[in-house]
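Trainee: I'll drop the sequence and a predicted model, then ask my questions.
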Amino acid sequence: MKKEPKTKILFTLPVDLKEELLKEAEKENRSLNNYILTLLLKRNK
């Protein structure tokens, strides 16, 4: 992956969605942030 400038964002999501995403992230041994980023990057391909 090509190195690009990075930025931080803050977003709010429902607690139940966060818990669901966290469970999925743990199954793949990823952090929640990394899991969400991976989902977004795959979506753009």
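Mentor: Received it, and whenever you're ready, just let me know what you need.
Trainee: Contacts only, for Ala25.
Mentor: 31-32, 34-36 (CB atoms under 8 Å, 6 or more residues apart in numbering). (Each C-beta comes from the backbone N, C-alpha and C, glycine too.)
Trainee: Would you reformat those residues as TSV and include distance to Leu17, secondary structure and pLDDT?
Mentor: Output for the contacts of Ala25, formatted as TSV (distance: CB to CB, whole Å; DSSP: H, G, I helix; E, B strand; the rest coil; pLDDT from 0 to 100):
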residue	distance to Leu17	secondary structure	pLDDT
Ser31	16	coil	96
Leu32	11	helix	95
Asn34	17	helix	94
Tyr35	12	helix	96
Ile36	11	helix	94
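Trainee: Would you mind checking those for buried ones?
Mentor: Neighbour counting by 16 or more other CB atoms under 10 Å classes 35-36 among the contacts of Ala25 as buried.
Trainee: how far out from the middle of the chain is stretch 24-39?
Mentor: In this view, stretch 24-39 has its centroid 6 Å away from the chain centroid, taken as CA atoms, centre = their mean, to the nearest Å.
Trainee: Could you report the separation of the residue nearest to Ser31 when sequence neighbours are not counted from Leu17?
Mentor: Distances taken as CB to CB, 6 or more residues apart in numbering place Ala25 nearest to Ser31, at 6.5 Å, with adjacent residues excluded. Relative to Leu17, Ala25 is positioned 12 Å away (CB to CB, to the nearest Å).
Trainee: What strand or helix carries the residue nearest to Ser31?
Mentor: Assigned by DSSP states H and E, Ala25 falls within helix 15-27.
Trainee: Many thanks, I have nothing further to ask.
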